[in-house]
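**Student:** Mind folding the following:
(chains A and B)
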Amino acid sequence: MRAFSQMMALALMAAGAAAPAWADPIAVSVGDKGCEPMQLTVPAGKVQFMITNASSRVLEWEILEGVMIVAEQEKILPGFVQRLNVTLKAGEYAMTCGLLSNPKGVIRVTGAEVTGALDPMALVGPVAEYKVWVKAEADALVAATASFTEAVKAGDVARARALYAPARVSYERIEPIAELFSDLDASMDARADDWELREKDPGFSGFHKLEYDLFATGDVTGSGPAADRLLADARDLQGRILGLTLPPAVVVGGAAALIEEVAGSKISGEEDRYSHTDLSDFAANIEGAQKIVTLLNPLIAPRDADLLARISASLAEVTAVLDSYRLGDAYKPYTDLTEADRRALEARIAALAEDLALVPGLLGLQAS
Amino acid sequence: MTTRRSLLLGLGGALALAEAVCPARAAPPAVLDWRGPHQAGIATPPTPFAIFAAFDLLAQDRADLREALRLLSDEIATQTVPGPIPQGDDPLMPPPDNGLLGEGRAGQRLSVTVSLGASVFDDRFGLAARRPRELTAMERFPNDAIDPDLAHGDLMLQISADTREAVLHALRAIVRRTGRVLVPRWQIEGFLPARPAAPAEATPRNMLGFKDGTSNIDRDDAAAMDRLVWVPPGSEPAWTAGGSYQVVRLIRNLVERWDRTQLAAQEAIMGRHRLSGAPLGKTEEHDTPDMALLPDKAHIRLANPRQPESAANLILRRGYNYARGLDRAGRMDMGLIFVSYQASLDAGFRAVQARLNGEPLEEYVKPFGGGYFFALPGLGSQDHLGQTLLD
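**Tutor:** Sure thing, here's the model as predicted:
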């Protein structure tokens, strides 16, 4: 136990510049008769104590919650100063002040900041609600894909073109979940670059193959098999989602994953390169992220209200920018955006990605 | 032909002389031997800089191919040893050398490793029957998005040296000299830490910030190299003995996204602690991984499960980092030039990659180029590299 806490202390020191920012250290001096001061009030969260051994004996300094040792600093030699980093929840704690016969001091920790691992039960509600939403999106995906592929198979190019972007919306909203099934993701959403012969590669199938046929060549006479396969894949996905237990880490990490989708492949206009309907995908990814953030709001707010405010503001800002590109039910072609427009979106998305990446850790979850 | 051979031997003499003149030169030697049973650049320690340059052969027949390999052998003999650089004596003529190194070459541990792609063994040169048995064009793996402009090729040169100038000098000299028979197809430059900052950093870090190559084959272990890296006599076409299958994979790292990933997730994906390089739950880089402490899909577990049956799958990695500016979306384009050498492509790279397919790391990496090649055996008693293939 001791070796472990020393190891942790070492690990904290070794973290150096990368360590989280600690607030100003709280000074405590321990003399032969007691602590100076005997009462401390500190805000909840990460606290650094700077303990001076002003007594004539080797000192062991502890923070106690009832009889439990919350943190301790061992073997401070007389005249020496040691630092102790600890994360404290709101409440009242005791601190030892040298000899066991000395009275204990009091540390009052104020504020609502909650840190560390979340009660796993706290996520049950949001995850369950998210699953209901994902199922509804999967149903919508199947319906939209059915209309789209039907138009493709009927050879109605104009109608199929109009249905292409709407068919993708639900898929893009639940992309972190859809991507859990990598075989279906590859089959449904692979881009021509994933294949060495590009558009001519026999492996090229899915949404983008049909997009190519509709928008680049306008020839859908050979698109039937790809259309059938896409619809079958969508139904397969719907069925698999029904039986899926959503890992909380995937749900919580999903918001960041969706923004990474935008940053990674949508900003460049590579995703829908034949139809230029990228903004529709883009908006769907943002909607998916917004859904997760909204569900997690009550959990994020008490832990880091500033972070939540930044995330909400960024999402609202990006949504407003996207709305400005709306044309009725659809969006302007991505090619209408200037380089400056794209750069501005890119910067907002990067900031959002940085902030959303903090959410799993804030909730004490390890993203998978 | 005898003339050429004497020329090569003569340069060997020059090498001996150069070493005799500088007896105080600290190890490692600045000149690497490629006249033994194996080419330099495989078992020799990685240098800080390298370029991988793929070419297509303009050669129409076997005589042209022989000419290409002769020219290359000649250039290697010239470029790898220290010596004065001819400056030319007629200012109305283009200078004979590109001038990057000024008056002379200093050795710089330059190596030029010549490998051939599967396409050489098509019907152009009548060599189909001599194709190394497992050599094909690189197949597609599930996470690949291979750009055909950055993949495959008839011939691959791995040029590595202590300085970037030495690498680029040699490349330009070779391209200029061989332009009639070799047309450049694609290139990529790689780098490694110039000199370990501290003993703890002896294993180079990749662009993900993790040590890469901790459990590599010991290139000084001749028995392991014979078993795992060099093609043995007997099982393959005779000319291949002493050569090695070479895999080059250009693997983009999605670094912005990686940098925003929590440390615990990064370490779980790799199976190692980032700072120390120790396997998860261990404290020292070279501690043996405890498989019970590794996630099922940790990269190091899949790459090397350390089971008796996976011992035959070990490969000699000799990769480099690359960084080449921004992509079209304004993201930094950097990553790994994965390079491995193995006696068997099937037992080596293909077996390892089959285990890695679908690993969580794929979310952060994208292979976009490279190819399979066969590194020719060393010069030995041949007149030029590849002579036994062509005779």
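**Student:** count of neighbours near the nearest residue to B:L293 once chain neighbours are set aside?
**Tutor:** Closest residue in space to B:L293, ignoring its immediate chain neighbours: B:G281 at 3.6 Å, by C-beta to C-beta, 6 or more residues apart in numbering or on different chains. (Each C-beta comes from the backbone N, C-alpha and C, glycine too.) Close neighbours of B:G281, defined as other C-beta atoms under 10 Å in any protein chain shown, add up to 13.
**Student:** Next, count neighbours for the residue of the stretch 151-300 of chain B found nearest chain A.
**Tutor:** Proximity of the stretch 151-300 of chain B to chain A (C-beta to the nearest C-beta) peaks at B:R260, 3.8 Å away. For B:R260, the count of nearby residues is 18 (other C-beta under 10 Å).
**Student:** thinking it is in contact with A:A256, fair?
**Tutor:** Yes - assessed by C-beta atoms under 8 Å, B:R260 is found in contact with A:A256 at 7.3 Å.
**Student:** what sits in contact with each of those two?
**Tutor:** By C-beta atoms under 8 Å, 6 or more residues apart in numbering or on different chains, B:R260 and A:A256 have these common neighbours: A:353, A:357.
**Student:** quick one: contacts for residue 251?
**Tutor:** No chain was given, so I picked chain A. A:V251 neighbours (C-beta under 8 Å, 6+ apart): A:123, A:126-127, A:130, A:292.
**Student:** switch to chain B, that's the one I care about
**Tutor:** B:335-338, B:365-368.
**Student:** Can you tell me, leaving aside adjacent residues, what's nearest to B:A343?
**Tutor:** Using C-beta to C-beta, 6+ apart, the nearest residue to B:A343 is B:V231, at 5.2 Å.
**Student:** And the pLDDT for the one you found?
**Tutor:** You'll see B:V231 listed with a pLDDT of 97.
**Student:** which residues in the stretch 1-150 of chain A form strands?
**Tutor:** Under the criterion DSSP state E, counting those that start in this stretch, the stretch 1-150 of chain A contains strands at A:26-30, A:35-36, A:39-43, A:45-53, A:59-65, A:68-76, A:81-88, A:91-95, A:105-110.
**Student:** same thing with the stretch 251-368 of chain A?
**Tutor:** A:326-327, A:330-331.
**Student:** remind me which residues of the stretch 101-250 of chain B are low pLDDT?
**Tutor:** Residue ranges of the stretch 101-250 of chain B with pLDDT under 70: B:195-197.
**Student:** Near chain A, which residues of it? Just list them.
**Tutor:** Selection of the stretch 101-250 of chain B residues close to chain A by C-beta under 8 Å from any C-beta of the partner chain yields B:140, B:142, B:144-148, B:151.
**Student:** buried subset of those residues?
**Tutor:** Neighbour-count burial (16 or more other C-beta atoms under 10 Å in any protein chain shown) applied to those gives B:144-146, B:151.
**Student:** what two of these are the furthest from one another?
**Tutor:** Maximum pairwise distance among these (C-beta to C-beta): 10.8 Å, between B:A145 and B:A151.
**Student:** circling back: helix, strand, or coil at the residue nearest to B:L293?
**Tutor:** Under the three-state scheme (DSSP: H, G, I helix; E, B strand; the rest coil), B:G281 adopts coil.
**Student:** how close does it get to B:G36?
**Tutor:** Separation of B:G281 from B:G36 (C-beta to C-beta, to the nearest Å): 42 Å.
**Student:** follow-up on the earlier one: kindly tell me how buried the closest residue to the residue of the stretch 151-300 of chain B closest to chain A other than its chain neighbours is, as a neighbour count.
**Tutor:** Leaving aside its chain neighbours, B:R260 sits nearest to A:A357 (3.8 Å; criterion: C-beta to C-beta, 6+ apart). Around A:A357 there are 21 other residues, counting by other C-beta under 10 Å.
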